[in-house]
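**Student:** model this:
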Amino acid sequence: MAVLTVREDGWHVERIDIPHEAVLDKGPGRRRQEKEHGADDRPDCGADTTIGYYDRHAEEFLSDTAGADLSEIQDIFLDLLPEKALILDFGCGSGRDAKYFLKRGYRVEAADGSVKMCRAAEELAGIPVRQMRFQELREEKKYDGIWACASVLHLSKDELGDVFQRMSRALKGGGILYASFKYGSFEGERRGRHFTDFTEESFQAFSGRLEELSLERMWLTEDVRHGRSGEAWLNVLLRKEDLD
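**Tutor:** Numbering: from 1, shown residues only. Next up is the predicted model:
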């Protein structure tokens, strides 16, 4: 797949060739499409409902995601970390990524809000998994890297600001944060879970308000899960300032 890389303001923006109609998320037509696929204009369904969704649909979710190959993105993240770095897999889901990092020789801690996801991740990755909400992260200067793959996207933008600051505090100076979001401008309930989507422009505006975290790279990828081709994801890498 052809990739176009553009430098803007010192950071990378990379675009992939995804069908135009699969990426645009603006205007009433897209709002109608969201509703047809389960989106809702009602207020945020809340963290309890989102966590409950994963507990109720654990088997389906594990079948859909545990075998997804994200090695290209995982390796981009790992290449920025020192050897044997300590990584927090934050919202670890099935434990797929934690297992990959462990096999590559990294030290890993993992956490998820869903009890059933924690149990599944412990079985797959072979490490203890902490059951916790994102807002319960209180570590300071502990991790070399934080991996938040398709996880913090379930927070509202107001909640995201707080949680990104918590992740920043948990990183060592110079540490790397990876996160991914569905591509678009939608925020609200979609099929029983809250989602906050981002475009390059909206995430740049959001990240510009974060203290100590600088945006190093963002790029689009196509969903690798079976039957999901054409769905776009925004990947972002941020680095914590090294003030030590």
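**Student:** what about residue 56, how many neighbours?
**Tutor:** A count of neighbours around residue 56, defined by other Cβ atoms under 10 Å, yields 13. For the C-beta atoms, the positions are set from N, CA and C on the backbone; glycine is no exception.
**Student:** Report the contact partners of it.
**Tutor:** Residue 56 makes no contacts at all, as judged by Cβ atoms under 8 Å, 6 or more residues apart in numbering.
**Student:** any idea how far residue 191 is from it?
**Tutor:** The gap separating residue 56 from residue 191 is 12 Å, by Cβ to Cβ, to the nearest Å.
**Student:** Now do the strands in the chain.
**Tutor:** Counting by DSSP state E, the chain has strands at residues 3-8, 11-16, 39-40, 86-90, 107-112, 129-131, 143-148, 171-182, 187-190, 193-196, 213-222, 232-240.
**Student:** which one of the ones you listed lies closest to residue 52?
**Tutor:** strand 193-196 (9.5 Å; Cβ to Cβ).
**Student:** mind listing what residue 148 touches?
**Tutor:** 90, 91, 167, 177, 178, 179, 180.
**Student:** isn't the first one right next to residue 150, touching?
**Tutor:** Just to be clear, that refers to residue 90. No - using Cβ atoms under 8 Å, residue 90 is not in contact with residue 150; the gap is 11.0 Å.
**Student:** The two: which has the busier surroundings?
**Tutor:** Set side by side, residue 90 and residue 150 show unequal neighbour counts under other Cβ under 10 Å, the larger going to residue 90 at 26 against 18.
**Student:** Give me the nearest residue to that one, chain neighbours excluded.
**Tutor:** Spatial nearest neighbour of residue 90, chain neighbours left out: residue 148 (4.6 Å); criterion: Cβ to Cβ, 6 or more residues apart in numbering.
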